[in-house]
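Undergrad: quick one, what's the 3D model for this:
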Amino acid sequence: MSTMIIEVYDALKEAGATEEKARKAAETLANTDHRFSKIEVELAVLKWMVGSVMLGMVTALLKLFGALA
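TA: Numbering: from 1, shown residues only. The predicted model follows:
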């Protein structure tokens with residue numbers, strides 16, 4: 001069974017949508033929210049990865065120029 005946002009379902013039913021259409025729309029919205037949550041988590045991981053790489057590059061450059069000076 002799919003997850004749905006009950007507040008959206010209730011609002012659509014109150015606005016006059018059929019039960020089937022209200023349920024389908026609420027389930028679709030819940031699935032979209034879930035996809036966005038996954039994307040946010042993946043972006044956070046990517047930010048940490050890029051930050052780590054940049055820190056490594058800066059450290060390597062500082063060691064290189066420190067050795068030359």
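Undergrad: tell me where the chain is predicted with low confidence.
TA: 1-2, 67-69 (pLDDT under 70).
Undergrad: which residue is nearest the middle of it?
TA: Nearest to the geometric centre of the chain sits Glu40, at 2.3 Å (Cα atoms, centre = their mean).
Undergrad: now for the helix or strand encompassing Ser52, which elements pack on it?
TA: Assigned by DSSP states H and E, Ser52 belongs to helix 19-68. Where contact means 3 or more Cβ pairs under 8 Å, 6 or more residues apart in numbering; DSSP states H and E, helix 19-68 is packed against helix 6-15. Yep, even glycine has a C-beta here, placed from its N, CA and C like the rest.
Undergrad: show residues contacting the helix it packs on.
TA: Outside helix 6-15, the residues within contact range by Cβ atoms under 8 Å, 6 or more residues apart in numbering are 19, 21-23, 25-26, 29.
Undergrad: okay, these in TSV with neighbour count and distance to Leu12 next?
TA: Shown next, in TSV, are those (neighbours: other Cβ atoms under 10 Å; distance: Cβ to Cβ, whole Å):
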residue	neighbour count	distance to Leu12
Glu19	10	9
Lys21	12	7
Ala22	20	4
Arg23	17	9
Ala25	17	6
Ala26	23	7
Leu29	16	10
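Undergrad: how about these in JSON lines, adding distance to Leu55?
TA: Shown next, in JSON lines, are these (distance: Cβ to Cβ, whole Å):
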{"residue": "Glu19", "distance to Leu55": "54"}
{"residue": "Lys21", "distance to Leu55": "51"}
{"residue": "Ala22", "distance to Leu55": "50"}
{"residue": "Arg23", "distance to Leu55": "49"}
{"residue": "Ala25", "distance to Leu55": "45"}
{"residue": "Ala26", "distance to Leu55": "44"}
{"residue": "Leu29", "distance to Leu55": "39"}
